[in-house]
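Visitor: Below is the sequence, then the predicted model.
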Amino acid sequence: SADLWPDIMGLLCEQPGTVGGESLITNTQRAHRELCLRVPETIDVLEQDFIRDIQEIDCERTRVNLLRNRFPIFAGRGCRRTFRYRRSDIETGQRSAGRPLSPESMEALNVLDRILASPGHVVRFRLERGDMLFIDNRIVAYDRLTYRDSAENTRRLRRMWIAAP
């Protein structure tokens, strides 16, 4: 949300799923450089505010709160741009606020998704029992592939958000 943005995200794997669930991490600074070189017109779009869906339990999902919960995907200047992105939250937030994404914004998000997922940018690995992952939540993007549990095995991960001093 606009009010909550932890510096570090951590995951502890207590039990991996039976199948799938691999973690994907991407350096967003590198993705930004590639966007600047290959499709610079997307940068202006990605630096504009996007309305995000509300995820907090204690925040009522009203139009006023939705319109307040807006911020850019890339922000800042110089060699350390911050990055905040979850496409589903943007699409839902924009639609719920009565402001669906423009074709230009949709195309910029499509280009961003392709670059973030390209083999040269993403590292893919599976967290096993006892593994821990910590990422800089302001410059590293994290995702995971779908997973499937079985009757004998249920995936369990513990997430923690850490605010740097």
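Guide: Yep, that arrived.
Visitor: quick one, strands of this structure?
Guide: Assigned by DSSP state E, the chain shows strands spanning 8-15, 19-20, 23-27, 50-51, 70-71, 74-75, 82-83, 122-125, 132-136, 140-144, 147-148, 156-162.
Visitor: need those strands in CSV with distance to residue 62, can you?
Guide: Heads up, the C-betas are built off the backbone N, CA and C, glycines and all. Listed next are those as CSV, based on distance: least, CB to CB, whole Å:
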stretch, distance to residue 62
strand 8-15, 28
strand 19-20, 36
strand 23-27, 33
strand 50-51, 12
strand 70-71, 14
strand 74-75, 25
strand 82-83, 27
strand 122-125, 36
strand 132-136, 32
strand 140-144, 29
strand 147-148, 34
strand 156-162, 25
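Visitor: Of all those, which one is nearest residue 111?
Guide: strand 74-75 (12.7 Å; CB to CB).
Visitor: Measure how far the longest helix seen in the chain is from the centre of its chain, please.
Guide: As assigned by DSSP state H, the longest helix anywhere in the chain is helix 103-117. Centroid displacement of helix 103-117 relative to its chain, using CA atoms, centre = their mean, to the nearest Å, is 13 Å.
Visitor: So for it, mean pLDDT?
Guide: The predicted model gives helix 103-117 an average pLDDT of 96.
Visitor: what does stretch 19-31 give?
Guide: 94.
Visitor: Straight-line length of it, end to end?
Guide: With CA to CA, to the nearest Å as the measure, stretch 19-31 spans 29 Å from end to end.
Visitor: list the buried ones in that stretch?
Guide: Of the residues in stretch 19-31, 21, 23-29, 31 count as buried by neighbour count, 16 or more other CB atoms under 10 Å.
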